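> give me coordinates for this.
(one chain, ligands or ions: 1)
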Amino acid sequence: MYYIDPHIHMLSRTTDDYEALARMDCVAVSEPAFWPGLDRQNSESFYDYFRHLTEFEPARAAKYGIQHYSWLCVNAKEAENLSLSREVLSFLPEFLNRGNVLGIGEIGLNKNTRNEAIVFMEHKELAIRHDQLILIHTPHLADKLRGTRMILDMLCDDQRIRRERVLVDHAEEHTIRPALDAGFWVGMTLYPTTKCTPQRAADLAERYGTDRLMVNSAGDWGPSRPVAVRDFIFEMRRRRHSESTIRRIVYDNPVQFFSQSPAFQAPIATEDGPA
Ligand SMILES: [Zn+2]
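This next block holds a predicted model:
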């Protein structure tokens with residue numbers, strides 16, 4: 001079964017991982033801008049990062065027959081630095097018409113601070129002004145519920161936001177419902193230790209149905225499995241869900257959501273994988 005990983009940080013992965021993804025029938029990936037493991041000292045580092053996400057990484061993915069899309073922003077962790085964030089936001093629009101850019105992301109909150117909220121709102125303005133899709137990072141662990149509520153409030157308070165153009169990611173049992181009920185798309189992240197396991201994601205899919213639901217590996221430089229979406233497919237098959245139900249979550253839904261961006265072209269593959 002062909003699938004799309006809608007949230008994976010390929011910059012942190014090796015070419016072996018691209019090969020593994022291709023072997024597992026991953027036909028497209030989307031890579032949000034994120035925190036590289038240390039806070040960057042100047043805005044030029046972001047400039048080069050955006051070049052990497054829009055030039056080098058798509059070319060690397062193409063060698064393995066995988067489409068590569070990206071999202072641009074200052075992540076919530078570095079958004080604590082207000083002046084740096086504003087410098088980056090001043091040149092970010094230059095990159096929005098690059099061929100593989102789907103929108104603004106992953107924006108959100110980390111420790112739910114005032115500066116993070118300010119930078120979040122400024123990204124939101126940018127997305128509205130440039131008619132971009134939005135990919136949301138919800139905070140981890142203890143602050144997740146509060147942070148998710150704050151983010152949903154900031155989005156829902158703005159009448160200009162078209163909720164079908166926003167993906168709220170890293171959802172778990174206690175945050176999925178408010179995001180779906182508000183009309184947003186929702187992503188579940190399949191991490192080996194934190195966030196959602198494939199089993200918990202399958203439970204959530206059974207409980208909430210397949211509408212506006214996606215799963216991703218969020219493969220990055222920490223403990224993560226770049227082929228985790230495949231684990232979800234196996235778990236759903238083990239539970240005897242139909243191929244069309246599974247494909248809806250791992251392929252059709254990402255295609256439907258991403259297709260709202262003119263940059264996205266559905267991968268040619270639309271049928272089940274090779275027999
Ligand atoms: Zn991420």
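
> so stretch 219-229, near the ion or not?
No - using Cβ under 5 Å from the ion, stretch 219-229 stays clear of the ion, with a minimum separation of 6.2 Å. All C-beta atoms are positioned from the backbone trio N, CA, C, and that covers glycine.

> can you name the residue of the stretch 51-200 of the chain nearest to the ion?
Here the stretch 51-200 of the chain gets closest to the ion at one residue, E106, 5.2 Å apart by Cβ to the ion.

> for G65, list the residues it contacts.
Contact analysis of G65 by Cβ atoms under 8 Å, 6 or more residues apart in numbering lists A22, V27.

> chain neighbours aside, what residue packs nearest to the residue of the stretch 151-275 of the chain found nearest the ion?
With Cβ to the ion, the shortest gap between the stretch 151-275 of the chain and the ion falls at A218, namely 4.8 Å. If you skip the residues right next to it in sequence, A218 has T189 as its closest partner in space, 4.5 Å away by Cβ to Cβ, 6 or more residues apart in numbering.

> centre of the chain versus the helix or strand hosting that neighbour, how much separation?
T189 belongs to strand 185-189 when elements are defined using DSSP states H and E. Put simply, strand 185-189 sits 8 Å off its chain's centre (Cα atoms, centre = their mean, to the nearest Å).

> could you do stretch 241-248 as well?
Taking Cα atoms, centre = their mean, one finds the center of stretch 241-248 at 21 Å from the center of the full chain.

> again, but for stretch 206-213
From the chain centre to the centre of stretch 206-213 is a distance of 17 Å (Cα atoms, centre = their mean).

> list the buried residues in it.
If you call a residue buried by 16 or more other Cβ atoms under 10 Å, then stretch 206-213 has these buried ones: Y208, T210, R212, L213.

> cool, and stretch 135-155?
Of the residues in stretch 135-155, those with enough neighbours to count as buried (16+ other Cβ under 10 Å) are 135-139, 144, 147-148, 150-152, 154-155.

> I'd like those as JSON lines, with secondary structure and distance to the ion appended.
As requested, these are arranged in JSON lines below (DSSP: H, G, I helix; E, B strand; the rest coil; distance: Cβ to the ion, whole Å):
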{"residue": "L135", "secondary structure": "strand", "distance to the ion": "9"}
{"residue": "I136", "secondary structure": "strand", "distance to the ion": "11"}
{"residue": "H137", "secondary structure": "strand", "distance to the ion": "6"}
{"residue": "T138", "secondary structure": "coil", "distance to the ion": "11"}
{"residue": "P139", "secondary structure": "coil", "distance to the ion": "12"}
{"residue": "K144", "secondary structure": "helix", "distance to the ion": "14"}
{"residue": "G147", "secondary structure": "helix", "distance to the ion": "15"}
{"residue": "T148", "secondary structure": "helix", "distance to the ion": "15"}
{"residue": "M150", "secondary structure": "helix", "distance to the ion": "19"}
{"residue": "I151", "secondary structure": "helix", "distance to the ion": "15"}
{"residue": "L152", "secondary structure": "helix", "distance to the ion": "19"}
{"residue": "M154", "secondary structure": "helix", "distance to the ion": "19"}
{"residue": "L155", "secondary structure": "helix", "distance to the ion": "18"}
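
> got those residues as TSV, with pLDDT columns?
Conversion of those to TSV gives the following (pLDDT from 0 to 100):
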residue	pLDDT
L135	98
I136	97
H137	95
T138	94
P139	89
K144	87
G147	93
T148	95
M150	95
I151	97
L152	97
M154	97
L155	98
